[in-house]
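>>> test case, fold it:
(4 chains)
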Protein chains: 2
Amino acid sequence: MDAAGRLFAAKGFEEANVREICRAAGVNIAAVRHHFGSKEGLYRAVVVRSHKGFLEQEPFPKFEAGDDPAVALERAIEQMLRIMLVRRGAHPYAGQLISRELRSPTAVLDELVENVMKPLRCELERIVAALLGGANSPRLRGQCANFVIGLCVFHDLGKEALKRFGYPPPERAADVPKLAGLITKFALSGIVGFAARG
Amino acid sequence: MDAAGRLFAAKGFEEANVREICRAAGVNIAAVRHHFGSKEGLYRAVVVRSHKGFLEQEPFPKFEAGDDPAVALERAIEQMLRIMLVRRGAHPYAGQLISRELRSPTAVLDELVENVMKPLRCELERIVAALLGGANSPRLRGQCANFVIGLCVFHDLGKEALKRFGYPPPERAADVPKLAGLITKFALSGIVGFAARG
DNA sequence: AAGGAATTCAAACACGTGTTTGAGATATGA
DNA sequence: TCATATCTCAAACACGTGTTTGAATTCCTT
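So this is what the prediction gives:
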């Protein structure tokens, strides 16, 4: 499953092939049928395991009443970028699997949305709500959350284009905060801009 | 080439297969070898033709000195969204091909970046520059352009996730301006936020 | 230690893919 | 009209894929 996760994250579901996974894992091809039923079963198992462990070990920071929503937003953005752009020790491919599902959804996307992305998004909405203040309507709040997510996700999905533009997204954890700070400023102004006008 | 464009846009380079394209076009499989050399040759020809015609018929609105940068930004955002989300009459799949190249780059991405995306982005930078005013540094200007592009592109790349969040991106031209207006407000505040702080 | 279940293995299977073939049809120009 | 170049066609080829097989091996319980 480690080998499968690595290869699925690197190549995607279609492009990663069972023979290579099994070679990397040092097991026979028939093992996947026996243990997971099929390639898709293996993929599903990998994704589930990866995001479960990921949620346990790197919980999204909880936004409590009284916290500064601006720093909460920066934390959230920083973590989203890190998850997708940087290979972490514990779950090196969790973010990449999510990112891949966004690009080319398979049957597991629904599960991923429900268990990983929605909770994350929900937390984000609470931060946005605090920033919106009086202008806080559910619809607007949701849209702002989408925009923030979009700003982060694009730096992974659009990586190749950004490289060619001269703005390669950071690949090391140390370089993430700089970009996160910029995105945060941008998003912060964007959100409180709505608050100002109502 | 029409059939190929339609299928490549709908399924992507890998998933679209030559037999289906030829069946849809009513020609023999061997025709692609004779006329384009290979499947990749056909793809390249389709992409090139599609974006050339697209640039001629739907040029990106030019930002002149004296124009209101705020409305120019809205126009630009509206057009980007329309290109990717809505099938147009003249070049129904040009935007989708670009979007597909972002998701899973092939060898044509470079050409697409150089001939389509860079000019578009360059125009966007000029608008951003006008908005930034005094705070206008090349680097910051570029980042802001990236953010705007990201906000638009995400609504196509992340379509499936957005649907599941309850925010399906518009598919008809008539529904685009509403989203464009929202993104514009957000981006506008974000950009002038930088201008305020320097 | 013996029996039986669980697991592993190399090999083959079925299918889809892009590509190639070589003969036939069609258009072109003298 | 005829010869040549251009194009079309159905069929087959070569290869990669996920899956299946049935025997061999390992593991656990009795």
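>>> just want the most central residue of chain A.
residue A:95 (4.8 Å; Cα atoms, centre = their mean).
>>> ok, now how distant is that residue from DNA strand D?
23 Å (Cβ to the nearest atom of the strand, to the nearest Å). In short, each C-beta sits where N, CA and C put it, glycine included.
>>> chain center to the lengthiest helix in chain A: distance?
Longest helix of chain A, by residue count under DSSP state H: helix A:176-197. Remark: helix A:176-197 is offset 19 Å from the chain centroid, using Cα atoms, centre = their mean, to the nearest Å.
>>> beyond whichever strand or helix holds the residue nearest to the centre of chain A, next helix or strand please.
Residue A:95 belongs to helix A:94-103 when assigned by DSSP states H and E. Using DSSP H and E, the helix or strand that follows helix A:94-103 in sequence is helix A:109-112.
>>> quick check: mean pLDDT across that following helix?
Helix A:109-112 carries an average pLDDT of 91.
>>> neighbouring contacts of it?
Outside helix A:109-112, the residues within contact range by Cβ atoms under 8 Å, 6 or more residues apart in numbering or on different chains are A:44, A:47-48, A:51, A:97-98, A:101-102, B:160-161, B:164.
>>> looks like the residue nearest to the centre of chain A contacts residue A:79 (just checking).
No. Contact status for residue A:95 versus residue A:79: not in contact, 9.8 Å apart, counting by Cβ atoms under 8 Å.
>>> got the residues of chain A near DNA strand D?
When proximity is defined by Cβ under 7 Å from any atom of the strand, chain A lies next to DNA strand D at A:16-20, A:29-30, A:32-33, A:38-40.
>>> rewinding a little: out of the contacts of helix A:109-112, which are buried?
A:44, A:47, A:51, A:97-98, A:101-102, B:160-161, B:164 (16 or more other Cβ atoms under 10 Å in any protein chain shown).
>>> near DNA strand C too, which of those?
Okay, of these, nothing touches DNA strand C (Cβ under 7 Å from any atom of the strand).
>>> now, among those, which is nearest to residue A:85?
Nearest to residue A:85 out of the buried ones among the contacts of helix A:109-112 is residue A:98 (Cβ to Cβ; 12.1 Å).
>>> ranges for the helices of chain A?
Under DSSP H, chain A gives helices at A:2-15, A:18-25, A:30-36, A:39-57, A:69-85, A:94-103, A:109-112, A:118-132, A:138-157, A:159-165, A:176-197.
>>> neighbours around the closest residue to residue A:140 other than its chain neighbours, how many?
The shortest distance from residue A:140 to any non-neighbouring residue, by Cβ to Cβ, 6 or more residues apart in numbering or on different chains, is to residue A:194 (6.1 Å). Neighbour count for residue A:194, taken as other Cβ atoms under 10 Å in any protein chain shown: 23.
>>> check residue A:68 too.
As a burial measure, residue A:68 scores 11 neighbours (other Cβ under 10 Å).
>>> for chain A, give me the ranges with low pLDDT.
A:88-90, A:197-198 (pLDDT under 70).
>>> of all the helices of chain A, which lies closest to residue B:125?
The closest of those to residue B:125 is helix A:159-165. By Cβ to Cβ, the value is 10.1 Å.
>>> counting by contacts, list what that closest one packs against.
Secondary-structure packing of helix A:159-165 (3 or more Cβ pairs under 8 Å, 6 or more residues apart in numbering or on different chains; DSSP states H and E): helix B:109-112, helix B:138-157.
>>> mind listing what's buried in the first one?
To tie it back to what came earlier, the one meant is helix B:109-112. Here helix B:109-112 shows B:109, B:112 as buried, counting by 16+ other Cβ under 10 Å.
>>> with the last one instead?
When neighbours are counted by 16+ other Cβ under 10 Å, the buried residues of helix B:138-157 are found to be B:140-157.
>>> now it against helix A:138-157, angle please.
110 degrees (axes from the mean of the first three to the mean of the last three Cα atoms, to 10 degrees).
>>> kindly export helix B:138-157 (C-alpha atoms) in PDB.
Below are the C-alpha coordinates for helix B:138-157, written out as PDB (Å, rounded to 0.1, in the frame of the first residue of the first chain):
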ATOM      1  CA  PRO B 138       6.900  43.600 -11.300                       C
ATOM      2  CA  ARG B 139       6.900  40.700  -8.900                       C
ATOM      3  CA  LEU B 140       3.700  41.700  -7.000                       C
ATOM      4  CA  ARG B 141       2.000  42.600 -10.300                       C
ATOM      5  CA  GLY B 142       2.800  39.100 -11.600                       C
ATOM      6  CA  GLN B 143       1.500  37.400  -8.400                       C
ATOM      7  CA  CYS B 144      -1.700  39.300  -8.500                       C
ATOM      8  CA  ALA B 145      -2.200  38.200 -12.100                       C
ATOM      9  CA  ASN B 146      -1.600  34.600 -11.100                       C
ATOM     10  CA  PHE B 147      -4.200  35.000  -8.300                       C
ATOM     11  CA  VAL B 148      -6.800  36.300 -10.700                       C
ATOM     12  CA  ILE B 149      -6.100  33.500 -13.200                       C
ATOM     13  CA  GLY B 150      -6.200  31.000 -10.400                       C
ATOM     14  CA  LEU B 151      -9.600  32.200  -9.200                       C
ATOM     15  CA  CYS B 152     -11.000  31.800 -12.700                       C
ATOM     16  CA  VAL B 153      -9.300  28.500 -13.600                       C
ATOM     17  CA  PHE B 154     -10.200  26.900 -10.400                       C
ATOM     18  CA  HIS B 155     -13.900  27.200 -11.300                       C
ATOM     19  CA  ASP B 156     -13.100  24.800 -14.200                       C
ATOM     20  CA  LEU B 157     -10.400  22.600 -12.800                       C
END
